[in-house]
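In: sharing a model prediction with you, sequence too.
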There are 2 protein chains.
Amino acid sequence: MSFKTIEWIDDRVIMIDQRKLPLEESYVECNDHISVAEAIRTMVIRGAPAIGVAAAMGIALGGQQIKSKDFPGFFKELEEICEVMRQTRPTAVNLFWAIERMKKLCRNNRKAKIGKIKELLKEEALKILEEDEQINRQIGIKGRELIEDGDTILTHCNAGALATAGYGTALGVIRAAYEQGKRIEVYADETRPVLQGARLTTWELNKIGIPVILITDSMAAYFMKKGKIKLVIVGADRITRNGDVANKIGTYGVAVLARHHKIPFYVAAPVSTFDFSMTSGEKIPIEEREGREVIQIFDQQIAPDGVRVMNPAFDVTSNRYITAIITEKGIARPPYGKSLRKLLKD
Amino acid sequence: MSFKTIEWIDDRVIMIDQRKLPLEESYVECNDHISVAEAIRTMVIRGAPAIGVAAAMGIALGGQQIKSKDFPGFFKELEEICEVMRQTRPTAVNLFWAIERMKKLCRNNRKAKIGKIKELLKEEALKILEEDEQINRQIGIKGRELIEDGDTILTHCNAGALATAGYGTALGVIRAAYEQGKRIEVYADETRPVLQGARLTTWELNKIGIPVILITDSMAAYFMKKGKIKLVIVGADRITRNGDVANKIGTYGVAVLARHHKIPFYVAAPVSTFDFSMTSGEKIPIEEREGREVIQIFDQQIAPDGVRVMNPAFDVTSNRYITAIITEKGIARPPYGKSLRKLLKD
């Protein structure tokens, strides 16, 4: 891969602008936490793990610029920065996980000099970045056993290097199997409205050299019925204690279709995507984004002026549709209440 | 409604250009059968009943321009014109139904003067046009009993006035219920790749004044699960003897989802959409259209250069997913082998 999803360079955060891919490979430079938050909100960067990394970097960046010289003042300002991050997107839990981790680091070092805390915040953000790629590689190693030579795999949205610090979760599993020499073909759902499948997944897989076929979301059932899809792998934005999974809108429909056609449906995600404070997926907040995302594709309007639109950005797939959840710690199978708890303890 | 889908004016065929809606309301003028065939192929006009009308008009138009003075010569040229029509689109059976009807008229009048036959061809095409709208109104009257006051209805693609000579099939049923004073809300799937839902269904319903909400295809399952969809109504491109239905790609997926959520799934179509030469849907030819339809929306490219694409334009929904088939002759329910045969006999 010849790109970085997100980088820290000279106290600036640089992100590839995912809104413009694949037509244009350009980068957004964030000089403060406000612009990092804006980049998350507007989906310059997206994908639960990548949002976590971006939030950590945003907090670290904001932290460098805090003027307070004493810890209470410093921490108060840091909390305000965290609040700005918290308000960007509600569904992916990695965002809140990263915020808590940065705040905890700060609290744990309350006795340190402010300059030292600033240094630690930066180090922690970079650590989260590095860990994420390592975790993805582990997810790949654990998950690749589920893929056989010759498999054709459907994926929805983009859970690849662009959705993470690198390598990918769902695409990480595919990649790890491919790197073992397994012959794989990927069907990429285009993933309306934001077209992460059409724009990002195809672009990434083309770069790696894994064969990919682009289809519209409406074609998934057709190819399942024709026996063209051997298994489905997707990422996740939040996984609750019972194994319910919030992920990009359309995931639930694909899961129902997979089940109907007796096709395994796998979710690949790091442990940071787990939200054990929730017993089930029903209470996961689902972000409703502006209707313009549906009626306008890049600058192209596709529906009449003033048409009413609904635009939920995520949906929740109940645990009963999920064959297995692949994490860096191993593969969990139903019943998830038990298997996920065990995975976290090990 | 202030538009005509297709008209015959002064020995020309005029069609609203459905490729450009809703951004532009412009008309295409066809002066010969070749340009009518091209209009069908490129989807200036689409929708099974409308394709039937267009084919009939194309044959009538071509017929006017035949030079042969004797019947064998005339009929040979007419058959060549019919062959051009036949090659436009393979799935919707109304096309072949209209071609056969025009040829039969010709054969039945082999003793008439060529000038008279030309006149009859034109009259027959206009008759098909008029009949189609009447048939749609009958479908509406038969089907509206399935809709209750306050229902929220999902539809896929466009089976409205634009897909027919006027009024519509699936949308005709919705319209007839609305005209009875029933309060209705329609969820329109955008229907990728050609976006008939986003571009045409919303535009039509806005004109009539029926409340409509645009969603992406990937959102249907989400709203079904939330209990927002009371029933589904779609049109059809071909219905086989056992009640299997070919319709716009994505229909099958919606039908599986409807069944999973215990939501009635209705198909509305004229009898001209029946293909009793086929015992089941497995052998219906599915048109594969060019990949450009998926990777380019109007002039906007949405995927990397050279990406592989699959673009089946239709899918087949097995009879077991279909709650009822609404025709101008009444409503058929399973088992369809029996009920459809009975309907045709009555």
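Out: Sure thing, it's come through. Because the structure is predicted, anything quoted here is derived from the model rather than measured.
In: mind listing what residue A:343 touches?
Out: The contact partners of residue A:343, by CB atoms under 8 Å, 6 or more residues apart in numbering or on different chains, come to A:271, A:327, A:329-330, A:332. In this view, the C-beta of every residue, glycine as well, is placed from N, C-alpha and C.
In: and the residues you listed, which is closest to residue A:320?
Out: If you rank the contacts of residue A:343 by distance to residue A:320 using CB to CB, residue A:332 comes first, at 14.1 Å.
In: quick one, phi psi at that closest one?
Out: Residue A:332 has phi and psi values of phi -100, psi 140 when expressed as degrees, to the nearest 10.
In: which SS class is the closest residue to it other than its chain neighbours?
Out: Leaving aside its sequence neighbours, residue A:332 sits nearest to residue A:339 (CB to CB, 6 or more residues apart in numbering or on different chains; 3.9 Å). The three-state assignment at residue A:339 reads helix, by DSSP: H, G, I helix; E, B strand; the rest coil.
In: one step back: can I get the contacts of residue A:343 in a markdown table including pLDDT and secondary structure?
Out: Shown next, in a markdown table, are these (pLDDT from 0 to 100; DSSP: H, G, I helix; E, B strand; the rest coil):
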| residue | pLDDT | secondary structure |
| --- | --- | --- |
| A:271 | 96 | helix |
| A:327 | 98 | strand |
| A:329 | 97 | coil |
| A:330 | 97 | strand |
| A:332 | 98 | strand |
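In: residue B:291: which of these is nearest?
Out: Of all these, residue A:327 has the smallest distance to residue B:291: 36.2 Å, by CB to CB.
In: the closest one contacts residue A:269, correct?
Out: Yes - counting by CB atoms under 8 Å, residue A:327 touches residue A:269, with 6.4 Å between them.
In: where do the helices sit along chain A?
Out: Along chain A, the stretches classed as helices by DSSP state H are A:33-41, A:48-64, A:71-86, A:93-108, A:114-143, A:170-179, A:196, A:202-208, A:220-225, A:251-260, A:292-295, A:336-345.
In: can you put the ones you listed in CSV and add mean pLDDT?
Out: Below are the helices of chain A laid out as CSV (pLDDT from 0 to 100):
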stretch, mean pLDDT
helix A:33-41, 98
helix A:48-64, 98
helix A:71-86, 98
helix A:93-108, 97
helix A:114-143, 98
helix A:170-179, 98
helix A:196, 98
helix A:202-208, 96
helix A:220-225, 98
helix A:251-260, 98
helix A:292-295, 97
helix A:336-345, 94
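In: residue B:53: which of these is closest?
Out: Nearest of these to residue B:53, taken as CB to CB: helix A:220-225 at 27.9 Å.
In: is the closest one up against chain B anywhere?
Out: Yes - judged by CB under 8 Å from any CB of the partner chain, helix A:220-225 comes into contact with chain B through A:220-223, A:225.
In: contacts for that helix?
Out: Against helix A:220-225 from outside (CB under 8 Å, 6+ apart): A:154, A:156, A:187, A:189, A:215, A:229, A:253-254, A:257-258, A:260-261, A:263, B:249-250, B:252-253, B:256, B:310, B:312, B:315.
In: buried set for stretch A:296-309?
Out: Buried residues in stretch A:296-309, counted by 16 or more other CB atoms under 10 Å in any protein chain shown: A:297, A:301-304, A:307-309.
In: quick check: closest non-adjacent residue to the closest residue to chain B within the stretch 51-200 of chain A.
Out: In the stretch 51-200 of chain A, the residue that lies nearest chain B is residue A:192 (4.0 Å; CB to the nearest CB). Leaving aside its sequence neighbours, residue A:192 sits nearest to residue B:216 (CB to CB, 6+ apart; 4.0 Å).
In: repeat for residue A:275
Out: The spatially closest residue to residue A:275, leaving aside those adjacent along the chain, is residue A:93, at 4.5 Å (CB to CB, 6+ apart).
In: repeat that for residue A:149.
Out: What sits nearest to residue A:149 in space, not counting adjacent residues and going by CB to CB, 6+ apart, is residue A:182, at 4.6 Å.
In: and that neighbour, what's its pLDDT?
Out: pLDDT for residue A:182: 98.
In: now for it, how many residues are close by?
Out: Using other CB atoms under 10 Å in any protein chain shown, residue A:182 has 15 neighbouring residues.
In: one more: residue A:338?
Out: For residue A:338, the count of nearby residues is 12 (other CB under 10 Å).
In: next one: residue A:11
Out: Neighbours of residue A:11 under the rule other CB under 10 Å: 11.
In: same question, residue A:92
Out: By other CB under 10 Å, 33 other residues sit near residue A:92.
In: now do the one 10 residues further on
Out: Around residue A:102 sit 27 other residues, with neighbours defined as other CB under 10 Å.
In: try residue A:93
Out: Residue A:93 has 26 neighbours, counted by other CB under 10 Å.
In: would you check that it makes contact with residue A:270?
Out: No - using CB under 8 Å, residue A:93 is not in contact with residue A:270; the gap is 10.8 Å.
In: mutual contacts of residue A:327 and residue A:269, please.
Out: Common contacts of residue A:327 and residue A:269 (CB under 8 Å, 6+ apart): residue A:139.
In: report how many residues lie close to the closest residue to chain B within the stretch 1-150 of chain A.
Out: Here the residue of the stretch 1-150 of chain A nearest chain B is residue A:22; by CB to the nearest CB that distance is 4.2 Å. Per other CB under 10 Å, the neighbour tally for residue A:22 reads 21.
In: now do the one 10 residues further on
Out: Residues near residue A:32, counting by other CB under 10 Å, number 16.
In: and it, what pLDDT?
Out: Residue A:32 is assigned 98 on the pLDDT scale.
In: residues from the stretch 201-346 of chain A in reach of chain B?
Out: Proximity of the stretch 201-346 of chain A to chain B, by CB under 8 Å from any CB, involves residues A:202-203, A:206, A:211-223, A:225, A:249-250, A:252-253, A:256-257, A:260, A:294-295, A:297-304, A:307-310, A:312, A:315.
In: just the buried members of those?
Out: A:202-203, A:206, A:212-223, A:225, A:249-250, A:252-253, A:256-257, A:260, A:294-295, A:297, A:301-304, A:307-310, A:312, A:315.
In: thinking again about what came up before, who wins for neighbours among the contacts of residue A:343?
Out: For these, the largest number of neighbours (other CB under 10 Å) sits with residue A:327, at 27 neighbours.
In: contacting residues for the residue lying closest to residue A:136 once chain neighbours are set aside?
Out: Ranked by CB to CB, 6+ apart and with sequence neighbours excluded, the top spatial neighbour of residue A:136 is residue A:167, at 3.9 Å. Counting by CB under 8 Å, 6+ apart, residue A:167 touches A:133, A:136-137, A:140, A:160-161, A:175.
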